[in-house]
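**Q** 3D, please:
(chains A and B)
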There are 2 protein chains.
Amino acid sequence: MNRIVTIGREFGSGGREFGRRLSEKLGFAYYDQEIISEIAKRTSLSEQYVQAIVEHRPSFSFPIHIGQSFYSLGNPAFEQTMTIYQEQARIITEMAAKSDCVIVGRCADYILKEYKPFRIFIYADMESKMKRCREKGPEDEKLSDKELKQKISGIDKKRSKYYEFYTGHPWGDKLNFDLCINTTQTVIKEMVPVIAKLF
Amino acid sequence: MNRIVTIGREFGSGGREFGRRLSEKLGFAYYDQEIISEIAKRTSLSEQYVQAIVEHRPSFSFPIHIGQSFYSLGNPAFEQTMTIYQEQARIITEMAAKSDCVIVGRCADYILKEYKPFRIFIYADMESKMKRCREKGPEDEKLSDKELKQKISGIDKKRSKYYEFYTGHPWGDKLNFDLCINTTQTVIKEMVPVIAKLF
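**A** Down below sits the predicted model:
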């Protein structure tokens, strides 16, 4: 069976950098934005639209893991969201079957649970996430501290709702991960080669 | 400055084994039960009594980190508990000043925060903790699953209350740790040499 590493992450904690560096170190395939592009291709929807859907929990009144068959009939918005989620699950499963890989976000830890992936969660304190955002994203430079904090919390709140909706588990709960890494005081570049030795 | 590793842990998750193996691998001093013995020696109290105190949050109506000077006068039970906690904090600080070390439990991550310890939290799912308890402790063999589950939850509840009382922080919150390791699917013996490379 292929070796699969899934990375959950708080916005601004460096989870994507961690995943990319880990995949390079291990020689594993790396999947992140590629998943969105592939869904867009298969559904003939725009990447922007798919991105918007997979970043927001659909506004339905019950979580998807409970079951939805009685509701889905005749609700086009619901059906399109489900199509995208199902396509995403299918693509992630195909990627996992193809080769060793690192997959960032997208509920991959849950979708691939049968494959027993090694599940990492990357997080950091707010100050450190703000610092990273300002360094990485020029558009965040213009925001006040308060605005940037709100942006970070807002994105994580959406991720949390999305994850809970599709998996039924609380987002970022350490019990759903094999390893949780706080990047507040960590140099990711130095941490990755050590963690890579676990595989 | 000495390199300090603190280990918080859920009961039955193998945190003590992890800490002991890590200290051996790194050639660091290892402190766990030694702290209790040292407090007993310095306070002329029995080890059993000290153990009981440091495993229970004192039954006062406010957390210690908020302040207690108005209350402590003339309350012998409170004063003895405070003496033991302060002695523990003093001993842990002395140990950290002496050499590189691994310290298990005892709010060491909080007591030593000025020393910037590397803070690890070890946890596991209930099934795996029950399995470990039955393997390690012959006295647990006689307990039913329900009784053992209650024992494990009860001990962790005490640890949680104790930690929160003395530190003002929620126990086991990943944000208070640099690394959280789930031992459910992990062979500790294999994990430790990898983690040791972080130091």
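
**Q** any idea which element the residue of chain A found nearest chain B lies in?
**A** Distances between chain A and chain B by CB to the nearest CB are smallest at A:Cys180, namely 3.8 Å. Placement of C-beta: from N, CA and C, glycine included. Assessed by DSSP states H and E, A:Cys180 sits inside strand A:179-182.

**Q** is the next helix or strand after that strand in proximity to chain B?
**A** Next helix or strand after strand A:179-182 toward the C-terminus (DSSP H and E): helix A:188-196. Yes - counting by CB under 8 Å from any CB of the partner chain, contacts between helix A:188-196 and chain B involve A:Met191, A:Val194, A:Ile195.

**Q** write out the residues of chain A neighbouring chain B.
**A** So far as CB under 8 Å from any CB goes, chain A lies against chain B at A:116, A:121, A:123, A:125, A:172, A:174-175, A:177-182, A:184-186, A:191, A:194-195, A:197-198.

**Q** ok, 6 Å please
**A** Within chain A, the positions adjacent to chain B are A:Lys174, A:Asp178, A:Cys180, A:Asn182, A:Val194, A:Lys197, A:Leu198 by CB under 6 Å from any CB of the partner chain.

**Q** how many neighbours does A:Met191 have?
**A** 20 (other CB atoms under 10 Å in any protein chain shown).

**Q** ok, now how distant is it from A:Lys142?
**A** Going from A:Met191 to A:Lys142 by CB to CB, to the nearest Å gives 31 Å.

**Q** do A:Val194 as well
**A** Counting by CB to CB - A:Val194 and A:Lys142 are separated by 36 Å.

**Q** repeat for A:Ser99
**A** 41 Å.

**Q** A:Arg16 now?
**A** 22 Å.

**Q** which of those two has more neighbours?
**A** Higher neighbour count among A:Arg16 and A:Lys142: A:Arg16, with 18 against 9, using other CB under 10 Å.

**Q** quick one, grab the pLDDT at that one.
**A** Note on A:Arg16: pLDDT of 94.

**Q** contact partners for it?
**A** A:Val104 (CB atoms under 6 Å, 6 or more residues apart in numbering or on different chains).

**Q** try it again with 7 Å
**A** A:Arg9, A:Asp32, A:Val104 (CB atoms under 7 Å, 6 or more residues apart in numbering or on different chains).

**Q** element containing it?
**A** Per DSSP H and E: helix A:15-26 holds A:Arg16.

**Q** can you list the buried residues in that helix?
**A** Using 16 or more other CB atoms under 10 Å in any protein chain shown as the test for burial, helix A:15-26 gives A:Gly15, A:Arg16, A:Glu17, A:Phe18, A:Gly19, A:Arg20, A:Arg21, A:Leu22, A:Ser23, A:Lys25, A:Leu26.

**Q** please apply the same query to stretch A:146-161.
**A** Buried, per 16+ other CB under 10 Å, within stretch A:146-161: A:Leu148, A:Lys149, A:Lys151, A:Ile152, A:Asp156, A:Arg159, A:Lys161.

**Q** mind checking the SS state of the first one?
**A** When the structure is reduced to helix, strand and coil (DSSP: H, G, I helix; E, B strand; the rest coil), A:Leu148 reads as helix.

**Q** residue contacts, it?
**A** A:Met130, A:Cys133, A:Asp140.

**Q** redo that, cut-off 8 Å
**A** A:Met130, A:Cys133, A:Arg134, A:Asp140 (CB atoms under 8 Å, 6 or more residues apart in numbering or on different chains).

**Q** between which two of the residues you listed is the distance greatest?
**A** For the contacts of A:Leu148, the farthest-apart pair by CB to CB is A:Met130 and A:Asp140; their separation is 8.3 Å.

**Q** dump the contacts of A:Arg16 to a markdown table, plus pLDDT and neighbour count.
**A** Formatted as a markdown table, these follow (pLDDT from 0 to 100; neighbours: other CB atoms under 10 Å in any protein chain shown):
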| residue | pLDDT | neighbour count |
| --- | --- | --- |
| A:Arg9 | 96 | 24 |
| A:Asp32 | 88 | 17 |
| A:Val104 | 94 | 26 |
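
**Q** relative to B:Thr93, which of those is nearest.
**A** The shortest approach to B:Thr93 among those belongs to A:Arg9, at 35.1 Å (CB to CB).
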